[in-house]
Every structure is written in C-alpha cells, then in structure tokens.
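Q: Quick one, what's the 3D model for this:
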Amino acid sequence: MQSAEAPQSSTGAPALLARGIAFGYGRANIWEDVDFQLEPGSLTLLVGPNGAGKSTLLRCLAGWERLRAGAITICGAPLESATAAERARMAFVNDVPAFYDDITASEHLELLGRANRWSDSRWDEADRLLERFGIARFCDQYPQSFSRGMREKLACTLALACRPDLLLLDEPTGPLDPASADILEQELGRAADRGCAVLLSCHHRLERLKPDRVLVLRDGTLETRDGAVAEQPDFWKSV
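A: Numbers count the residues shown, from 1 in each chain. Here you go, the predicted model:
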C-alpha cells in the first residue's frame, strides 16, 4: 500500500508531465491532445479497449516512439533532449520484454548493474527480487529459454532493482500466475512508498494495490478518473 503522504522528488517537479501529446500513422492520429502528470509516489492505471493505443502511449512516454505533437518531461527534464543520466531515472517494462540472445539472466543483471554503477544495496535488492519471484535458481540460463512468465519476472526484477523515479509497465501481470502477480503488486507498492511514480496498463482489477488515479484511453482521447473506480466491477466490464 502507498504511504498516506507521497514522497517528493528531489527536483520538486512531477515525475512525468505530458502536455498536448499526439501520435498517429499516416494522416490519422491514434490519440491527440493528451494531458496528464504523475506525482512522485503515485500509482496510476492505464486502461482502455484493445487497439486504443495504450502500448503506443507507454512507448511514447518512454521515448521509444516519436510524438506528432506536444511534449513530455521526466522529473523536470524534457524527454526529447534528456541526458543519459536523466533518462536513467525512468524504467520501462515493455509488453514483450526483449533480452540479449547470448548472455544469461545473471549476465543481464551484471551488465545493467555495472553500467549503472550499482551500490551494494542495489545488488542486494536485485538478489532479493530474484528470490521473491522464484527465478534465482535459473539465472545461469538464457532468457530465451524462459517461459513468458519468467521473462516478465526477470524484466520486472531488472526495472525494480534500478530504483527509478518513474516506472512504466505494459500489462505486467498478464503473463504471471496469481501468486507471482500478487508479489509484483507488493513490489510495486514498495516502489511507490519510496517515491517512485508507477504507471501500468491493465485489463483487470488489481487484487492488492489501490490506484490513486485511472487513465481511460478510448476513441482517441484520455480521461482521468479517481482511483476508486478501479474497485467497481462494472467499470472493468466497460473497458
């Protein structure tokens, strides 16, 4: 569960700010005039019907797709011109996590940790997450040999161990069994408690987490609702 009083970022700026953003293919926009912000320590759900553009929106927020209009800032830094250090404050778990073919899960952690100069506490956190998700004993294997659920757990471990200020996740609970989904919800709650802004797309009500807000993407527009709607079964039937 999130703390009653959300932590503040070191810059005092929102963890993420999107203003007037639009994306499309050809002459048509998938969505446009999208405005919202994420505060440090907040938990936000992104919902909507298939094809509404949720995955595309998350890729745009992560800088993987180029916007047609508008601007995004991360912890006060414009995403388009952000430095490597500024981008490192964000982590993104794509809907189909990709890994290098020729290095093991342990070597993925080693590469990420050394590239980001992890402290001992970060290495300890990575080990703890691997144990919690039940994949520690498989870390000498290549991720390409993992099941879809195991790959998702490895991707979430890598993202959470980085301790980002902004964490974006595209349908992270979809490939997970109920016990693993519960563990992920617990870990996302821990991340929010320490000040990370969490945004995840989802097609079902979460069992443990209580979102602060719900973003509904439908028919090319984004609507912001109070997180309480996520407790209503009828709401989920509509999205």
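Q: what about residue 172, which helix or strand?
A: Under the criterion of DSSP states H and E, residue 172 resides outside all helices and strands.
Q: What does the pLDDT read for it?
A: Looking at residue 172, its pLDDT is 97.
Q: so who does it touch?
A: By C-beta atoms under 8 Å, 6 or more residues apart in numbering, the contact list for residue 172 reads 93, 152, 156, 184, 200. (C-beta placed from N, C-alpha, C; glycine too.)
Q: Which of those fall within strands?
A: Of the contacts of residue 172, the ones assigned to strands by DSSP state E are 93, 200.
Q: Just put the contacts of residue 172 in a markdown table and tack on distance to residue 26.
A: As requested, the contacts of residue 172 are exported to a markdown table (distance: C-beta to C-beta, whole Å):
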| residue | distance to residue 26 |
| --- | --- |
| 93 | 29 |
| 152 | 32 |
| 156 | 35 |
| 184 | 37 |
| 200 | 29 |
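Q: Of the contacts of residue 172, which is the nearest to residue 110?
A: Using C-beta to C-beta, residue 156 comes nearest to residue 110 of those, at 17.8 Å.
Q: Contacts for stretch 108-117, please.
A: In this structure, residues lying in contact with stretch 108-117 by C-beta under 8 Å, 6+ apart are 88, 99-100, 103, 118, 122-123, 126, 130, 139, 143, 154, 157-158, 161-162.
Q: What is the nearest of the contacts of residue 172 to residue 208?
A: For the contacts of residue 172, the residue nearest residue 208 by C-beta to C-beta is residue 184; the value is 9.3 Å.
Q: which element is residue 31 on?
A: Using DSSP H and E, residue 31 sits in strand 28-38.
Q: which SS state does residue 22 fall under?
A: Secondary structure, DSSP: H, G, I helix; E, B strand; the rest coil: residue 22 is strand.
Q: wait, residue 61 sits on residue 168?
A: Yes: assessed by C-beta atoms under 8 Å, residue 61 is found in contact with residue 168 at 5.9 Å.
Q: Common neighbours of these two, please.
A: Counting by C-beta under 8 Å, 6+ apart, the contacts common to residue 61 and residue 168 are 92, 199.
Q: quick one: the strands in this protein?
A: 16-25, 28-38, 43-47, 69-74, 77-78, 90-93, 166-170, 197-201, 213-218, 221-226.
Q: now those as a markdown table including mean neighbour count?
A: Shown next, in a markdown table, are the strands of the chain (neighbours: other C-beta atoms under 10 Å):
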| stretch | mean neighbour count |
| --- | --- |
| strand 16-25 | 17 |
| strand 28-38 | 17 |
| strand 43-47 | 24 |
| strand 69-74 | 18 |
| strand 77-78 | 15 |
| strand 90-93 | 22 |
| strand 166-170 | 24 |
| strand 197-201 | 25 |
| strand 213-218 | 20 |
| strand 221-226 | 14 |
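Q: Compile those strands into a markdown table and extend it with columns for distance to residue 238.
A: Below are the strands of the chain laid out as a markdown table (distance: least, C-beta to C-beta, whole Å):
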| stretch | distance to residue 238 |
| --- | --- |
| strand 16-25 | 24 |
| strand 28-38 | 18 |
| strand 43-47 | 9 |
| strand 69-74 | 27 |
| strand 77-78 | 35 |
| strand 90-93 | 26 |
| strand 166-170 | 21 |
| strand 197-201 | 16 |
| strand 213-218 | 9 |
| strand 221-226 | 11 |
